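**Q** no sequence for this one, just the structure:
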């Protein structure tokens, strides 16, 4: 494990110490958990954006999409426990 030094304003340092005490953990552990949570959040956000960009590029390349009304009917059917085939993509109209 490596060491990293961070400088905290006194007010934040006090808040972190108080929150750690209330959570029954150490300040060190609270900071590690906070960094891990924020890192995971940013990784999920970046993955979400990358997936959206890939899907948009595919939409532009193929011109195919599924109308929201068709997808909504399908999803509502599935959520209601009914079987169903996903709607087929179709070309965008100009």
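**A** Everything's here; your move. Owing to the predicted nature of the structure, the values given are computational and were not obtained by experimental measurement. Numbering: from 1, shown residues only.

**Q** list the buried residues for the helix or strand containing residue 53?
**A** Per DSSP states H and E, residue 53 falls inside helix 27-62. For helix 27-62, the buried set under the neighbour-count rule, 16 or more other Cβ atoms under 10 Å, comprises residue 30. Placement of C-beta: from N, CA and C, glycine included.

**Q** where does this structure have low pLDDT?
**A** Scanning the chain for pLDDT under 70 picks out 94.

**Q** mind doing that once more with 80?
**A** Of all residues in the chain, those with pLDDT under 80 make up the ranges 93-94.

**Q** how is it carved up into domains?
**A** Residue ranges for each domain of the chain read 9-62, 65-94, as given by automatic domain parsing.

**Q** for residue 2, find the nearest of these.
**A** domain 9-62 (12.5 Å; Cβ to Cβ).

**Q** quick one: the closest one to chain centroid distance?
**A** Computed by Cα atoms, centre = their mean, to the nearest Å, the chain-centroid distance of domain 9-62 equals 10 Å.

**Q** repeat that for stretch 7-26.
**A** Worked out by Cα atoms, centre = their mean, stretch 7-26 lies 27 Å from the chain centre.

**Q** rewinding a little: the helix holding residue 53 packs against which elements?
**A** helix 10-23 (3 or more Cβ pairs under 8 Å, 6 or more residues apart in numbering; DSSP states H and E).

**Q** buried stuff in the helix it packs on?
**A** Result for helix 10-23 [16+ other Cβ under 10 Å]: buried residues 16, 20.

**Q** hmm, who's touching it?
**A** Residues from elsewhere that reach helix 10-23, judged by Cβ atoms under 8 Å, 6 or more residues apart in numbering: 8, 26, 27, 29, 30, 31.

**Q** make JSON lines out of those and add distance to residue 40.
**A** Converted to JSON lines, those look like this (distance: Cβ to Cβ, whole Å):
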{"residue": "8", "distance to residue 40": "22"}
{"residue": "26", "distance to residue 40": "21"}
{"residue": "27", "distance to residue 40": "21"}
{"residue": "29", "distance to residue 40": "16"}
{"residue": "30", "distance to residue 40": "16"}
{"residue": "31", "distance to residue 40": "15"}
